[in-house]
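[1] sequence plus the predicted model coming up.
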Amino acid sequence: MTIVDAIIQGIVQGLTEFLPVSSSGHLAITQHITGTAGEGNLFFNVMLHVGTLVAVIAFYHKLVWSLIKEFFSLVKDIFTGKFKWSQMNYERNMIVMLIIALLPLGLMFLPIPGTDMKVKDLADLFAGSQILIVTACSLLLTSILLTLGIIFNKRNCSKGFKHMRGNSAEGNGKETYTVLDALCVGLMQVVAALLPGVSRSGSTLSVGEMRGINKQKALDFTFVMAIPSILAAALLEGLDAVKSPEGINVDLVVVLVGVLVSAVVGYLSIVIFKWFLKSDKMLIFVAYTAVVGIAFIVISLIEINTGHNLFTGAPVSL
């Protein structure tokens, strides 16, 4: 892998980790087109995740710090018997609901009956396929979910849900999550983790909007929830990289370039996403994921028919 490859994949990772277009789907597409897919890239992919982790922590550093302080206050109140569910402030509610939303990720470690695989292994199976038909169909699913999010957000506006600070475009919908809201978002995150092409940010945002959550608060919840999710994914993939036959064989300079690019671009993509959401321009992402999904369904069918990668000419198989 060259520095140019690192820059390209860093840009793809940084843009697609937070924009609602699926980072795993676009990395699979990029590596399919450039012919750089394979185990040798596993550690590099982990480090790209680290870059985007830096980006989201940097952007939300004030909120993250307030949540850390509130967490210790919450623990103190629990052990001293002062905790009251009905009196949680915004930060405390977010902490509790984030924990609840992360619980469904435990489903990833359930064994699949009749095999020696766990549910999480399906993600590797789909992502490692030489034919991108699953990724393409998942991108279409992302488009559908984003469309539903737009529809439900407009419904929230028509029902008159207003934020207590006023009637701005940011203020329609509930500000805090309930247990059911958090579980729904958590289950959607599991689906996004399994299917390359389903955007984690787009799908969890849409589910939040379907549950009547204020769209900007839903996006903040989605991005903060990404911190432990990205960290867990990086740790798991890191262990797989160390255990893989090829191990860690990517040049350090290439890795550092990829991390830096993914961090900078990731930060900018958060800014862009929040602006698109605030400006009600989410149809752009609906159209984009639909077009790319349909295009790669066609490409995948051609490759299945010919038995060769349409871009590199390499032989492929299902």
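    Looks like it came in fine. Residues are numbered from 1 along each chain as shown.
[2] excluding chain neighbours, what is closest to V257?
    In space, and not counting its chain neighbours, V257 is closest to A6: 4.6 Å by C-beta to C-beta, 6 or more residues apart in numbering. Where C-beta positions appear, they are placed from N, C-alpha and C, glycine not excepted.
[3] so what's the one you found up against?
    A6 sits next to F44, V254, V255, V257, G258, V261 when contact means C-beta atoms under 8 Å, 6 or more residues apart in numbering.
[4] do the same with V292
    V21, I29, A136, L139.
[5] look at the third one and report its pLDDT.
    Each residue has a pLDDT score; the one for A136 is 96.
[6] next, count neighbours for it.
    24 (other C-beta atoms under 10 Å).
[7] one more: the one 10 residues further on?
    Around L146 sit 27 other residues, with neighbours defined as other C-beta under 10 Å.
[8] now it: closest residue in space, sequence neighbours ignored.
    Closest residue to L146 apart from its sequence neighbours, by C-beta to C-beta, 6+ apart: V286 at 4.8 Å.
[9] any idea of the mean pLDDT in the host helix or strand of that neighbour?
    Using DSSP states H and E, V286 maps to helix 283-306. Averaged across helix 283-306, the pLDDT comes to 96.
[10] would you list the contacts of V292 in TSV and tack on distance to T312?
    As requested, those are exported to TSV (distance: C-beta to C-beta, whole Å):
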residue	distance to T312
V21	23
I29	13
A136	18
L139	21
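[11] could I get the pLDDT score of the most centrally placed residue in the chain?
    Nearest to the mean C-alpha position of the chain, by C-alpha atoms, centre = their mean, lies R200 at 3.0 Å. Confidence at R200, expressed as pLDDT, is 93.
[12] pretty sure it sits against Q189.
    Yes. Using C-beta atoms under 8 Å, R200 is in contact with Q189, at 6.1 Å.
[13] which residues do the two both contact?
    Common contacts of R200 and Q189 (C-beta under 8 Å, 6+ apart): S229.
[14] helices along the protein, start to end?
    Secondary structure of the chain (DSSP state H): helices at 3-18, 23-34, 42-59, 61-80, 90-102, 121-127, 133-158, 179-194, 200-210, 215-243, 252-278, 283-306.
[15] centre of the chain to the longest one, how far?
    What separates the centre of helix 215-243 from the centre of its chain is 7 Å, taken as C-alpha atoms, centre = their mean, to the nearest Å.
[16] how about the fourth one?
    When distances are taken as C-alpha atoms, centre = their mean, helix 61-80 is centred 25 Å away from the chain's centroid.
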